[in-house]
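Student: Pasting the sequence and the predicted coordinates here, then a few questions.
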Amino acid sequence: MHYIAGLGNPGEEYENTRHNAGRIAALDFIVKKDIDEPEFNKKLNALVSEGKLGKNKFQIILPETFMNKSGLSLKPIIASAKKAKDLIVIHDDVDLPLGKIKISFGRSSGGHKGVESIIKNIKTKDFARIRIGVSKAGVKGKVKKPQGDKFLDFIVGKFKPDELKEIKKASKKVTEALDTLIAEGLNKAMSLYN
């Protein structure tokens, strides 16, 4: 069983915000795979849906905690390092250009509060992550990320319509990457999508 966590903040006011890129991609995956809509799981304080790709089962978890407490929703499921190897976390990344995706494994949080919470709660960083770029890139492709007080406004700010189009394209790539990850493994997915 694979566990796919789409990170974001719950509630309408956070829909289509940069910090919800992971949640947007996970919800798109649910729609594309024609899986039942996620239902609230009280024990996990998360919306949960299950599906299958061939013989491979997976569970999609959308924490209903706020981003900084995402790990609390995963702690009851990912109780061992063995299970953590089956965890795939999808989240926004301000260090990547808008719409770019990157798969990594066993890396530090890079300052991402949701990932920090997961590492703290499951006591390991050995899990896969699909990072979705949310920052504008300059002419040479260098990311322009806001600093100081503007940073929080930026990550909880809504995507502009043209940016949302890029995120929808990225979501399509995330779905393809998840298909590969679940069916053929992490190395194959990394070789195709990084």
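Tutor: Received, thanks.
Student: Would you mind stating the distance between the closest residue to Phe159 other than its chain neighbours and Thr124?
Tutor: Among residues not flanking Phe159 along the chain, Asn16 sits closest, at 5.3 Å (Cβ to Cβ, 6 or more residues apart in numbering). (Each C-beta comes from the backbone N, C-alpha and C, glycine too.) Separation of Asn16 from Thr124 (Cβ to Cβ, to the nearest Å): 32 Å.
Student: Tell me which residue is most central in the protein.
Tutor: The geometric centre of the chain, computed from its C-alpha atoms, lies nearest to Ile90 (Cα atoms, centre = their mean), at 1.4 Å.
Student: Model confidence score at that residue, please.
Tutor: Looking at Ile90, its pLDDT is 98.
Student: what is it paired to in the beta sheet?
Tutor: Beta-bridge pairing for Ile90 (DSSP bridges): Gly6, Ile130.
Student: Now do the buried residues in the longest helix belonging to the chain.
Tutor: The longest helix of the chain (DSSP state H) is helix 161-184. For helix 161-184, a neighbour-count test (16 or more other Cβ atoms under 10 Å) marks 163, 166-167, 170-171, 173-182 as buried.
Student: Strands of this protein, residue ranges please.
Tutor: With DSSP state E, the ranges of strands along the chain come out as 2-6, 39-41, 46-53, 56-63, 87-97, 101-105, 128-137, 143-144.
Student: Now do Lys153 against Gln147, distance only.
Tutor: One correction, residue 153 is Asp, not Lys. Applying Cβ to Cβ to Asp153 and Gln147 gives a distance of 11 Å.
Student: Apologies, that question was intended for Ile4.
Tutor: 32 Å.
Student: Give me the more crowded residue out of those two.
Tutor: Between Ile4 and Gln147, counted using other Cβ atoms under 10 Å, the more crowded position is Ile4 (27 against 7).
Student: who touches the more buried one in this structure?
Tutor: 26, 29, 58-61, 88, 90, 178 (Cβ atoms under 8 Å, 6 or more residues apart in numbering).
Student: Please work out which residues outside the lowest-mean-pLDDT helix or strand in the chain touch it.
Tutor: Every helix and strand of the chain was ranked by mean pLDDT, DSSP states H and E. The lowest is helix 81-84, at a mean of 82. For helix 81-84, the surrounding residues in contact (Cβ under 8 Å, 6+ apart) are 3, 77-78, 122, 124, 126-127.
Student: at 10 Å what do you get?
Tutor: 1, 3, 74, 77-78, 106, 118-119, 122-128 (Cβ atoms under 10 Å, 6 or more residues apart in numbering).
Student: Let's see the PyMOL selection covering just the buried ones among those residues.
Tutor: Typed into PyMOL, the line below selects the buried ones among those, using 16+ other Cβ under 10 Å:
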select buried, resi 3+74+77+78+118+119+122+124+125+127+128
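Student: Among the contacts of helix 81-84, which one lies nearest to Phe66?
Tutor: Ile118 (13.5 Å; Cβ to Cβ).
Student: Now do the residue nearest to the closest one when sequence neighbours are not counted, the pLDDT please.
Tutor: Nearest non-adjacent residue to Ile118, counting by Cβ to Cβ, 6+ apart: Gly71, 4.2 Å away. Note on Gly71: pLDDT of 97.
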